[in-house]
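Colleague: Provided below for reference: sequence and predicted model.
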Amino acid sequence: MTTTSSTRAAYETIIGLEVHAQLLTRSKMFCGCAAAFGAAPNTQVCPICLGMPGVLPVVNKRAVEFAIRLGLAMHSRIATSSRFARKNYFYPDLPKGYQISQYELPLCEGGWLDIAVDEQAKRIRLTRAHLEEDAGKNLHDMGDGASHVDLNRAGTPLLEIVSEPDLRSSDEAVAYLKALRELVVYLGICDGNMEEGSFRCDANVSIRPRGSERFETRVELKNINSFRYVKRAIEYEVERQIGVVEDGGRIVQETRLFDPQRGVSVSMRSKEAAHDYRYFPDPDLVPIAAPETWIAEIRAALPELPEAKRARFVSEYGIVPYDATVLTGSRALADYFEAAIRHGAPPKTAANWIMSELLAQLNAEGAEIESCRVTPKALAALFALVDAGTISGKIAKTVFEEMYRTGAEPDAVVAAKGLVQVSDVDALVAVIDRVIADSPKELAQYLSGKDKLFGFFVGQVMKRTEGKANPGKVNELLKARLGAPGP
């Protein structure tokens, strides 16, 4: 399926995202079962999450608090009264035959999230954010030719975050998802793990003739568990819909699954409307009435959010916006950076090292900053050794690699490996004289005017001192020894 750029330009893409964030509570939404990931199938269940007759659910207060945290961070209106509803449908992983969700009275309404694409800022409006319970999980690959159901996940608290159809491209959709994931992780309400399904999204995609204000039939895309797949799924669906319209067909409202192996979406079922679910208020649960005093306490306890932290890093530490964006990519990384500064690290030096040397090591291991063996204090101590002239910047990289591998302190690494920088004038002069004596051809060329050969002599001195010579001293002494090149 291929459309020309001119054909694509004739249509505008309309995207709205529904994100499900699994909340970091110890127990489930309506019972005391553990909500941890990875347990043996059906070991974290009880009569409530199994949907046994006669049981009564009890709301997890922590989950409500987490939902309010996000609502406040996204400038939403927190409802003075919200209530749970039963969303009725049949599926093997839904033991009750209905899902407890929120419908006409969600906990959070309105709000927005600012994103940036190609350095252009855009505000994406939030429709609502509401609490609900997760379903179980169907297992089809057990090797016995049968399908199984694991209900460990049934009843796990979810926060469904629904955007307005304000997104106009796959790049904007990815930027919104990344910003939202960053926010929920900063708030400490979700771990943002897309592979484990604790942060997942459905995309509602439609097209319309450019210039039209009318919303056309939309298609829901499911089974998208990475930013890369979100981009690919939306781009495929836009191409598919344009192709259908250009061929004289019409778009059918449906739910489609994205197949990442083939890079296509396939029809799953016709898209349900709200009336298909026969929503009605859950008679076993009383409405939620969050007191203003409690909401004020939650607001006061909110951490510094990513956007504010980025602006502060630029103004307070004098680093460029790009560096601030990288360093605030996670709350833990931002905390590491500031801890290094508190231990005396120059902000710009710390920023450069963290973004280059440190992140390179972490990325190579697929590790996060929390597992880094180099403490912020040790990193600051490494910079101090360079500033004192004990080691050179080049040697510092060797020292850092050993620190990262073993967790050793920088001075211990320097002492154990004999990496102290050579700054003694007599010792350096002796090396320089040997280099000059062994390089008569290069010396003659330099003196005849080939001044670029000065770098050759510097390199030879550094090589003979195994990189330990003080580069500044070497340059100073070589200039004195060689004199100015010829005409």
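Modeller: Nice, thanks for sending it over.
Colleague: go through the longest strand seen in the chain and flag the buried ones.
Modeller: The single longest strand within the chain, with elements called by DSSP state E, is strand 120-133. Neighbour-count burial for strand 120-133 flags 124, 126, 127, 128, 129, 130, 131, 132, 133 (criterion: 16 or more other Cβ atoms under 10 Å). Placement of C-beta: from N, CA and C, glycine included.
Colleague: strand partners of it, parallel vs antiparallel please.
Modeller: In the sheet, strand 120-133 lines up against strand 108-109 (antiparallel), strand 112-117 (antiparallel), strand 157-163 (antiparallel) (DSSP bridges).
Colleague: regarding this structure, what is its longest helix?
Modeller: The longest helix of the chain (DSSP state H) is helix 227-246.
Colleague: which residues touch that helix?
Modeller: 1-3, 7-8, 11, 13, 15, 170-171, 173-174, 177-178, 194, 201, 203, 205-207, 219, 221, 224, 250-251, 256, 258, 260, 263-265 (Cβ atoms under 8 Å, 6 or more residues apart in numbering).
Colleague: re the thing from before, ok, which of the strands paired with strand 120-133 comes nearest residue 95?
Modeller: Set against residue 95 and scored by Cβ to Cβ, the strands paired with strand 120-133 come closest in strand 157-163, at 16.3 Å.
Colleague: how about the strands paired with strand 120-133 in JSON lines, adding mean pLDDT, distance to residue 475 and mean neighbour count?
Modeller: Converted to JSON lines, the strands paired with strand 120-133 look like this (pLDDT from 0 to 100; distance: least, Cβ to Cβ, whole Å; neighbours: other Cβ atoms under 10 Å):
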{"stretch": "strand 108-109", "mean pLDDT": "97", "distance to residue 475": "62", "mean neighbour count": "22"}
{"stretch": "strand 112-117", "mean pLDDT": "94", "distance to residue 475": "43", "mean neighbour count": "16"}
{"stretch": "strand 157-163", "mean pLDDT": "97", "distance to residue 475": "58", "mean neighbour count": "23"}
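Colleague: residues near residue 164, how many?
Modeller: Neighbour count for residue 164, taken as other Cβ atoms under 10 Å: 14.
Colleague: next one: residue 474
Modeller: 24.
Colleague: wait, doesn't it sit right on residue 432?
Modeller: Yes - using Cβ atoms under 8 Å, residue 474 makes contact with residue 432 at a distance of 7.4 Å.
Colleague: so what sits against both of the two?
Modeller: residue 461.
Colleague: if we can go back for a sec, just after the longest helix of the chain, pick out the following helix or strand.
Modeller: Using DSSP states H and E, the next helix or strand after helix 227-246 towards the C-terminus is strand 254-259.
Colleague: let me see the domain layout of this structure.
Modeller: Following automatic domain parsing, the chain resolves into domains at 5-295, 304-417, 425-482.
Colleague: could you give me the average pLDDT of the shortest one?
Modeller: For domain 425-482, the per-residue pLDDT values average out at 78.
Colleague: which element is the nearest residue to residue 116 once chain neighbours are set aside on?
Modeller: Leaving aside its sequence neighbours, residue 116 sits nearest to residue 175 (Cβ to Cβ, 6 or more residues apart in numbering; 6.7 Å). Using DSSP H and E, residue 175 sits within helix 170-186.
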